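Participant: sequence plus predicted model, see below.
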Amino acid sequence: MNPPPTVALVDTRWAGHHPTYLREFSASLLRMGARVLLLCQKPDEILEALDEAPSDRIAGFPFIHRNHGVINRNRDHDPLSTPLRWRATAEILDRAERDTGWTADLVFFCYLDCYLRFSPFPLLPGMTLGRPWSGLYFRNGHLEFPGDPLRRAAKGDRLLRSPDCRAVCTLDERFNDTLEEISGHPAIAFPDMTDETLPDTPTPAARALREKAGDRKIIGLISMEKRKGLVTMLKAALRAGELREPWYFVATGPYPRGTFSPEDLAFLDDLEKRIAAGEIDHIHFDTSGDRIQDGAPYNSIFSTFDLVWAAYEGFEGSSNALTKAAAFRIPLVATAGQCVGDRVERFQIGRTFPEGDPEAAVEAIRGALNGDGPDGAKLDPEFATYHRGHSRERLDEVFRELSMIGDGSGGFRLEAQAEKTPACRPLNARSESGA
């Protein structure tokens, strides 16, 4: 009897929703009958989060290397780190295969971007890894601008022509045709997964927000980075207060002040003082910077929202905030254009407005809360359809599709297993969800 196929999941990062993705990808592959070699910074936390994971089909190995400081950092802006990352992965995978006696049929990079940057050499993967590979390409929005060869070179798209590459997976599927032309390999739309766990009862933080809001509708944002449109949201909140709209604005979670300009910070600091002085009572602006653990704690707060603020600024990619909103059937407002805005409009799950326009944001919020489209017709939100496209079931389908892509040898085949397979528990890692 042939051994089950083996897939190595590799991720050098441990922030944002990377741990959540690793957990979900591991569970999916186990459901599909594969063995999993897990190469990441804290594999034990992933293993603990998989209920009854069969020990003979999954093994974890810390991604620790002599160049650890170079290859694990979150900034991938130098040409040296990419080849080092490929070589380090090959060395750690060799050790994992020797320890388990398994041989990887496919290596899947959960954050492919940092294996491409500044590398125009398609032969690099074969010279270092020497195994079939694929991965999830997060930031592919530059493909919208085919006349920008320097940007494409910096992204390292030429490396995707590697003969060992089986397919390229994307969260933002808008440019998959272009990506197939560039790479010479299939481009597969990947679901933007999220943890949807809710606690048995609302958390104290969620209860407190609901009590403060009273009968007012809550417009909420978790994780207050500049790119998430915090300043525009709070300016819209001030305008809504002037108009006496019955709304309560919530901004909470990590607060990276370094992402804002001095002008932005002056506005934010002044607003914080006014809220503390009791001048403003319709805005919850939590500047503590505390991370909110993904899973039940995060979702308990998220599910109190009547409207999700997803109005990213200067951001091209996908966001699993839409998946969470679809799961809990909460409408959104988003910046018009790009991946997020396109999906909000296409699935009618909210309203869009021009980037950075607080007045237009107020109108979009009003319309989304009332269920009104921009043309006056009622929105017909396709929450279930959107959620299905970003669900665990869709994830299984994608891995099955990926397994059948070969180099002439037919690849290998993953199929759903009838036996009991692991469920996912919330991670112990204090990770922030959402792009």
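Facilitator: That came through, no problem. Numbering: from 1, shown residues only.

Participant: tell me what the longest helix belonging to the chain is packed against?
Facilitator: Using DSSP state H to define each element, the chain has its longest helix at helix 81-100. Judged by 3 or more C-beta pairs under 8 Å, 6 or more residues apart in numbering; DSSP states H and E, helix 81-100 is in contact with strand 6-10, strand 35-40, strand 58-62, helix 68-71, helix 124-128. Glycine gets a C-beta too; all of them are placed from N, C-alpha and C.

Participant: correct me, but residue 39 touches residue 93?
Facilitator: Yes - counting by C-beta atoms under 8 Å, residue 39 does reach residue 93; the two are 6.5 Å apart.

Participant: and for the two, which residues touch both?
Facilitator: Residues touching both residue 39 and residue 93 (C-beta atoms under 8 Å, 6 or more residues apart in numbering): 8, 10.

Participant: dump the residue contacts of residue 225.
Facilitator: If you count contacts by C-beta under 8 Å, 6+ apart, residue 225 has them with 254, 256, 259.

Participant: before we move on, what about residue 63?
Facilitator: 10, 11, 12, 39, 40, 41, 72, 88, 89, 92.

Participant: how near is it to residue 44?
Facilitator: 13 Å (C-beta to C-beta, to the nearest Å).

Participant: what does stretch 295-306 rub up against?
Facilitator: Taking C-beta under 8 Å, 6+ apart as the rule, stretch 295-306 contacts 195-199, 202-203, 205-206, 209-210, 213, 217-220, 222, 250, 252, 292, 308, 324, 328, 330, 369, 426-427, 432-433.

Participant: and it, average pLDDT?
Facilitator: Averaged across stretch 295-306, pLDDT comes to 96.

Participant: check which residues of it are buried.
Facilitator: For stretch 295-306, burial by neighbour count (16 or more other C-beta atoms under 10 Å) applies to 295, 296, 297, 298, 299, 300, 301, 302, 303, 304, 305, 306.

Participant: out of the residues you listed, which one sits closest to residue 401?
Facilitator: Ranked by distance to residue 401 (C-beta to C-beta), the buried residues of stretch 295-306 are led by residue 295 at 28.0 Å.

Participant: tell me the spacing between that closest one and residue 190.
Facilitator: Residue 295 is 21 Å from residue 190, by C-beta to C-beta.

Participant: show me the shaky parts of the stretch 301-435 of the chain.
Facilitator: 407-411, 416-435 (pLDDT under 70).

Participant: what's next to stretch 252-260, contact-wise?
Facilitator: The contact list for stretch 252-260, computed with C-beta under 8 Å, 6+ apart, reads 220-227, 231, 265, 268, 284, 286-292, 301, 432.

Participant: ok so, going back, any chance of JSON lines for the contacts of residue 63, columns pLDDT and neighbour count?
Facilitator: Converted to JSON lines, these look like this (pLDDT from 0 to 100; neighbours: other C-beta atoms under 10 Å):
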{"residue": "10", "pLDDT": "97", "neighbour count": "27"}
{"residue": "11", "pLDDT": "94", "neighbour count": "24"}
{"residue": "12", "pLDDT": "89", "neighbour count": "25"}
{"residue": "39", "pLDDT": "97", "neighbour count": "27"}
{"residue": "40", "pLDDT": "94", "neighbour count": "23"}
{"residue": "41", "pLDDT": "91", "neighbour count": "19"}
{"residue": "72", "pLDDT": "62", "neighbour count": "18"}
{"residue": "88", "pLDDT": "92", "neighbour count": "24"}
{"residue": "89", "pLDDT": "95", "neighbour count": "25"}
{"residue": "92", "pLDDT": "95", "neighbour count": "19"}
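
Participant: a markdown table for the residues you listed, including distance to residue 49?
Facilitator: Output for the contacts of residue 63, formatted as a markdown table (distance: C-beta to C-beta, whole Å):
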| residue | distance to residue 49 |
| --- | --- |
| 10 | 18 |
| 11 | 15 |
| 12 | 19 |
| 39 | 16 |
| 40 | 12 |
| 41 | 14 |
| 72 | 21 |
| 88 | 25 |
| 89 | 23 |
| 92 | 21 |
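
Participant: check which helix or strand residue 23 maps to.
Facilitator: helix 18-31 (DSSP states H and E).

Participant: that helix packs against which elements?
Facilitator: Under the contact definition 3+ C-beta pairs under 8 Å, 6+ apart, helix 18-31 sits against strand 6-10, strand 35-40, helix 43-48, helix 392-403.

Participant: out of those, which is closest to residue 81?
Facilitator: Of the helices and strands packed on helix 18-31, nearest to residue 81 by C-beta to C-beta is strand 6-10, at 14.8 Å.

Participant: C-alpha coordinates for the closest one, PDB please?
Facilitator: Output of strand 6-10 as PDB, limited to C-alpha atoms (Å, rounded to 0.1, in the frame of the first residue of the first chain):
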ATOM      1  CA  THR A   6       3.100  14.500   2.200                       C
ATOM      2  CA  VAL A   7       2.800  18.200   2.000                       C
ATOM      3  CA  ALA A   8       5.200  20.600   3.800                       C
ATOM      4  CA  LEU A   9       3.600  23.800   5.000                       C
ATOM      5  CA  VAL A  10       6.200  26.600   5.400                       C
END
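
Participant: contacts made by that strand with the rest, please.
Facilitator: The contact list for strand 6-10, computed with C-beta under 8 Å, 6+ apart, reads 22, 25-26, 29, 34-40, 63, 89, 93, 96, 102-110, 399.

Participant: what lines up beside it in the sheet?
Facilitator: Its sheet considered, strand 6-10 pairs with strand 35-40 (parallel), strand 106-109 (parallel) by DSSP bridges.

Participant: tell me the gap between the last one and the middle of its chain.
Facilitator: Taking C-alpha atoms, centre = their mean, to the nearest Å, one finds the center of strand 106-109 at 18 Å from the center of the full chain.

Participant: picking that back up, want to throw the helices and strands packed on helix 18-31 into TSV with distance to residue 343?
Facilitator: Below are the helices and strands packed on helix 18-31 laid out as TSV (distance: least, C-beta to C-beta, whole Å):
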stretch	distance to residue 343
strand 6-10	26
strand 35-40	29
helix 43-48	29
helix 392-403	15
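
Participant: and the nearest residue to residue 136 once chain neighbours are set aside, which helix or strand is it part of?
Facilitator: Nearest residue to residue 136, sequence neighbours excluded (C-beta to C-beta, 6 or more residues apart in numbering): residue 169, at 4.8 Å. Residue 169 is located in strand 165-170, with elements delineated by DSSP H and E.

Participant: with residue 218 instead?
Facilitator: Here residue 218 is assigned to strand 217-222, by DSSP H and E.
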